[in-house]
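> Give me the fold of what follows.
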Amino acid sequence: MPFRISIIDYLNAAPLNYGFKHGLGYEHFYLKFQVPSACSDSLRNGEVDAGLISSIEYLRIPNLKIVPGLCIASPKCVRSVVLLSRTPPESIQTLALDTSSRSSVVLAQILLRERYGTHPQTTEMPPDIEAMLDKHDAALLIGDGAMRVNREGLMVLDLAEEWHAWTGLPFVFALWAIRPDAPGLDLPGGIAPFFHQSFELGRKNIEGIIDEAWRTIGWTKQELRDYLTKNLSHTFGEMERESLSLFYEKAVRMGFASVNTPLRFL
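Numbering: from 1, shown residues only. Have a look, this model is predicted:
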């Protein structure tokens, strides 16, 4: 039986996914391409063995283990996770939330409550900015859709930038997580080295990733290069651990997860 991996097919995950998408360990793996919210649901339901899950979902799915050293994070300004609004953030009363997202949905509400003192009513909606803003003061968009959207005439809050300005820390959006009942691989080091090899291949082929994205995203190649190398980080270190602990503490206190689970690694 193949080891089943849920792949997030957004540009922010492309360096992590590169090896898998280009045949790394093809004899061992079955790949399922999903948006972040669906990835988490598949992992929870046992439909896949590993997934690049929204970081908040680690608190919601029991007994997961994290692949050490890897994540999707933003050191400061991410540019692809944004709150678009017609009013100042402290005046937002109604908020449309991208159904593709989980961590960003929580982060947006934490920031609005604690940083801006507002507690808007929320509605989950597909990521269509015109429909979202038709009856809401603001809309949360993530991923490639957020990169493509026309922001003219709207106030833009970059959620990672807001988090960094508030805490001085990067924000961790996603982690590779593995179910406790996932099959083992009878190979030296087991499953974890494949995730690191996939990322190393992605780093070595960053220009190819940029060329492919340039045809679909609408940004210049330099903008895409900056996005992948400056706006994003795919390394999980001490600052990321500290940030995740703070995020989890706030999320549990506000009721977005029931228990604060210690980080467990492979």
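> now the strands: where do they sit in this structure?
For the chain, the strands defined by DSSP state E cover 3-8, 29-34, 50-54, 65-66, 70-74, 81-85, 94-98, 121-125, 138-142, 155-158, 171-178, 233-235.
> any idea how far Phe265 is from the closest residue to Gly69 other than its chain neighbours?
Nearest non-adjacent residue to Gly69, counting by CB to CB, 6 or more residues apart in numbering: Phe236, 5.4 Å away. For the C-beta atoms, the positions are set from N, CA and C on the backbone; glycine is no exception. Remark: distance between Phe236 and Phe265 (CB to CB, to the nearest Å) = 9 Å.
> same thing with Leu169?
Taking CB to CB, one finds Leu169 at 20 Å from Phe265.
> Those two - which one has more neighbours?
Each of Leu169 and Phe265 has its neighbours counted (other CB atoms under 10 Å); Leu169 has more, 21 against 12.
> Hmm, that one is touching Trp163, no?
Yes - using CB atoms under 8 Å, Leu169 is in contact with Trp163, at 7.0 Å.
> Mutual contacts of these two, please.
Counting by CB atoms under 8 Å, 6 or more residues apart in numbering, the residues touching both Leu169 and Trp163 are Ser243.
> can you give me the helices for the stretch 51-200 of the chain?
103-110, 129-134, 143-148, 159-167, 192-204 (DSSP state H, counting those that start in this stretch).
> Which stretch among those is buried most, on average?
Ranked by mean neighbour count under mean count of other CB atoms under 10 Å, these are led by helix 103-110, which reaches a mean of 25.
> what's the longest helix in this protein?
For the chain, the helix with the greatest residue count under DSSP state H is helix 238-253.
> where among the helices of the stretch 51-200 of the chain is the average confidence lowest?
Lowest mean pLDDT within these: helix 143-148, a mean of 90.
> Centre of the chain to it, how far?
Centre-to-centre, helix 143-148 and its host chain are 13 Å apart (CA atoms, centre = their mean, to the nearest Å).
> Domains in the protein, by residue range?
Domain segmentation of the chain under automatic domain parsing yields 3-73+171-253, 81-167.
> so Ser80 sits right up against Leu11, yeah?
Yes - between Ser80 and Leu11 a contact is recorded at 7.4 Å, counting by CB under 8 Å.
> picking that back up, residues touching the residue nearest to Gly69, list them.
Counting by CB under 8 Å, 6+ apart, Phe236 makes contact with 66, 68-71, 73, 172, 175.
> mind checking pLDDT for it?
At Phe236, pLDDT is 98.
> Against Asp144, how distant is it?
23 Å.
> Pull up the distance across stretch 160-173, start to finish.
Using CA to CA, to the nearest Å, one end of stretch 160-173 lies 9 Å from the other.
> Counting by contacts, list what the longest helix of the chain packs against.
Applying 3 or more CB pairs under 8 Å, 6 or more residues apart in numbering; DSSP states H and E, one finds that helix 238-253 contacts strand 70-74, helix 103-110, helix 159-167, strand 171-178.
> Take those and lay them out in CSV including distance to Asp49.
Shown next, in CSV, are the helices and strands packed on helix 238-253 (distance: least, CB to CB, whole Å):
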stretch, distance to Asp49
strand 70-74, 16
helix 103-110, 21
helix 159-167, 29
strand 171-178, 6
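> which residues touch the closest residue to His28 other than its chain neighbours?
Leaving aside its sequence neighbours, His28 sits nearest to Phe3 (CB to CB, 6+ apart; 5.5 Å). Phe3 makes contacts with 28-30, 49-50, 182-183, 185, 191, as judged by CB under 8 Å, 6+ apart.
> Over to Pro127?
98-100, 141-142, 145-146.
> Which of these are buried? Put it as a PyMOL command.
Per 16 or more other CB atoms under 10 Å, the buried members of the contacts of Pro127 correspond to this PyMOL selection:
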select buried, resi 98+100+141+142+145+146
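> Let me know the closest of the contacts of Pro127 to Gly202.
Ile142 (20.1 Å; CB to CB).
> The closest one bridge partners, please.
Val81 (DSSP bridges).
> thought it was touching Leu97?
No - in this structure Ile142 lies outside contact range of Leu97 using CB under 8 Å: 9.7 Å.
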